[in-house]
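> Predicted coordinates and the sequence they were generated for:
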Amino acid sequence: MNVSIFGADGLLQERLRAIPGVLRETLEVAGHWGPLPRCEHWDVVGVGGSEGPARLLVELLSDRGVLARQCTVSSFLKGRCPGANSRGLVVFSQGLSPHARMVLKGAASYAHCIVITTRSELEVRQQVPAYFHHQLTVLEHPPQAEPDSLLRVVGPAAAALLAVRVAVELSGGSAMELAQIRTDLQEAMAWYEGTPSDIQALEDSEWFARVACAHPTFCLAAAQDLPAANQLMWKWQEATYQPLPPTLDLLAFIHGPFQSIYDESVTVLALRSQSDMLTDRAWEALQQVLVPARHQLLVLDAPVAFPLSYFYFDAAFLRVLARAVVERKLRLDRWPGKGKDGALYELVLPETRPAR
């Protein structure tokens, strides 16, 4: 099926066309804020489409020697977090979902809070006590909303871009590092634009066609590419309404998961970025244990290393999703449980109805 994903009609195609402009706008505002607070330890929260940028920030901070951990939304069901007064909190939420608002109700137990969102600073401040306002930093980015679908693609890309910029600043990066990050992120933006030849090459590839028709069992990645794998599988299940494929470390796959599918016919997705020789040997070993007659391994190779690989994988995989949505005749504005999930929102914020 010869479908141009940027020319085809549809909600997802329209949003893919919007990503480059939104990223350019986001990069323009990145860094044009006051000094960010410093903490020795950061808790990071993001759910749904915002979980990918949250995982990315944790990975980046940890890599730069800053203590960081990902916290679940349910950690805030009781409100205040014991022992949080010496830590900082970063909340990713594109539209300040009811669960994000619940997290912000407990933000005052932290030393500082940074919120990365499309909502205004005024709206965010309304979610925390007035006495905490001077400890709150709001980093606003476009777009304002992605209505009429469960899937989010534009906002998470912008939030991930800010995650890279914020990680360098929170870890005490120099002016030279910040300038280099800006240059690197400009390179990442180009992958979302894609030249006609780039798009045609990807659409004509065997990998592209197979993934668009696949029902993946697992998605594998090594080390720092796991946040990207998690984000892509989340988008996959939100676009196709299939069960969420588990995201596994390349070596952890052999402990149990490999045994569970050994006699089965399965499709395994894998993300592989530029890495070291030892990691390359691990990928070669993976191909040796899989059985080609039963195990279809579909590897997406990024020509760059982490963290730029995160954006390459995202840009490439969104093109596959657009193809899959068209070929499967899916409607992104008609998800199966639409309007049936209110109880879990009302549980945490009785006065708030979920907005889609």
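Looks like it arrived, so ask away. Residues are numbered from 1 along each chain as shown.
> contacting residues for Leu11?
By C-beta atoms under 8 Å, 6 or more residues apart in numbering, Leu11 lies in contact with Asp148, Ser149, Leu332, Asp333. Backbone N, C-alpha and C define where each C-beta goes, glycine included.
> repeat that for 6 Å
Ser149, Leu332 (C-beta atoms under 6 Å, 6 or more residues apart in numbering).
> For it, report the pLDDT, please.
Leu11 carries a pLDDT value of 83.
> Just checking, which helix or strand succeeds the least confident helix or strand in the chain by mean pLDDT along the chain?
Ranking every helix and strand in the chain by mean pLDDT, DSSP states H and E puts helix 196-204 at the bottom, with a mean of 63. Next along the chain after helix 196-204, taking DSSP states H and E as the criterion, comes helix 206-212.
> name the helices or strands packed onto that next one?
If you count contacts as 3 or more C-beta pairs under 6 Å, 6 or more residues apart in numbering; DSSP states H and E, helix 206-212 packs onto strand 295-301, helix 308-327.
> Mind checking which residue lies nearest the centre of this structure?
The geometric centre of the chain, computed from its C-alpha atoms, lies nearest to Gly52 (C-alpha atoms, centre = their mean), at 2.4 Å.
> need the contact list for it.
Pro156, Gln231.
> for Pro292, same thing?
Counting by C-beta under 6 Å, 6+ apart, Pro292 has no contacts.
> For the stretch 51-200 of the chain, give me the ranges with low pLDDT.
Applying pLDDT under 70 to the stretch 51-200 of the chain flags residues 80-83, 195-200.
> and the spatially closest residue to Tyr262 that is not a sequence neighbour, helix, strand or coil?
Distances taken as C-beta to C-beta, 6 or more residues apart in numbering place Val291 nearest to Tyr262, at 7.4 Å, with adjacent residues excluded. In three-state terms, and counting by DSSP: H, G, I helix; E, B strand; the rest coil, Val291 is coil.
> how far away is Glu177 from Ile114?
Plainly put, Glu177 is 19 Å away from Ile114 if you go by C-beta to C-beta, to the nearest Å.
> neighbour count winner among the two?
A side-by-side neighbour count of Glu177 and Ile114, using other C-beta atoms under 10 Å, places Ile114 first with 26 against 14.
> name the element the more buried one belongs to?
Going by DSSP H and E, Ile114 is in strand 112-117.
> same thing with Phe306?
Under the criterion DSSP H and E, no helix or strand holds Phe306.
> Show the pLDDT at it.
Looking at Phe306, its pLDDT reads 94.
> who's in contact with it?
Gln224, Ser273.
> how far away is it from Gln180?
For Phe306, the distance to Gln180 - C-beta to C-beta - is 15 Å.
> Next: Arg281.
The value you get for Arg281 to Gln180, if C-beta to C-beta is used, is 30 Å.
> before we move on, what SS does Thr137 have?
Applying three-state DSSP: Thr137 is strand.
> Could you check how many residues crowd around Val153?
23.
> Just checking the distance from stretch 87-102 to the centre of its chain.
15 Å (C-alpha atoms, centre = their mean, to the nearest Å).
> what does that stretch rub up against?
39, 41-47, 50, 53-54, 73, 76, 103, 107, 110-119, 127, 155, 159, 345, 348-349, 352, 354.
> What does Leu248 show for phi and psi?
With angles defined as degrees, to the nearest 10, Leu248 sits at phi -130, psi 150.
> Next up, identify which helix or strand Asp148 is on.
Here Asp148 sits in a region with no helix or strand, counting by DSSP H and E.
> In three-state terms, label the residue nearest to it when sequence neighbours are not counted for me.
In space, and not counting its chain neighbours, Asp148 is closest to Asp333: 4.6 Å by C-beta to C-beta, 6+ apart. Classification of Asp333 using three-state DSSP returns coil.
> My guess is Asp333 contacts Pro147. True?
No: look at Asp333 against Pro147 with C-beta atoms under 6 Å: they stay out of range, at 9.0 Å.
> What ranges in the stretch 251-356 of the chain fall below the confidence cut-off?
When residues are selected by pLDDT under 70, those of the stretch 251-356 of the chain lie in 276-277, 347-356.
> Could I get the full set of strands for the chain?
Using DSSP state E, the strands assigned to the chain run over residues 41-46, 67-70, 88-92, 112-117, 136-140, 218-221, 247-249, 266-272, 295-301.
> partner strands of the third one, parallel or antiparallel?
In its sheet, strand 88-92 lies beside strand 41-46 (parallel), strand 112-117 (parallel), with partners assigned from DSSP bridges.
> Residues contacting the first one, please?
What that stands for is strand 41-46. Here strand 41-46 has contacts from 53-54, 57-58, 67-68, 70-71, 87-92, 103, using C-beta under 6 Å, 6+ apart.
> List just the nearest of those to Val168.
Comparing the contacts of strand 41-46 against Val168 with C-beta to C-beta places Leu57 closest, at 10.8 Å.
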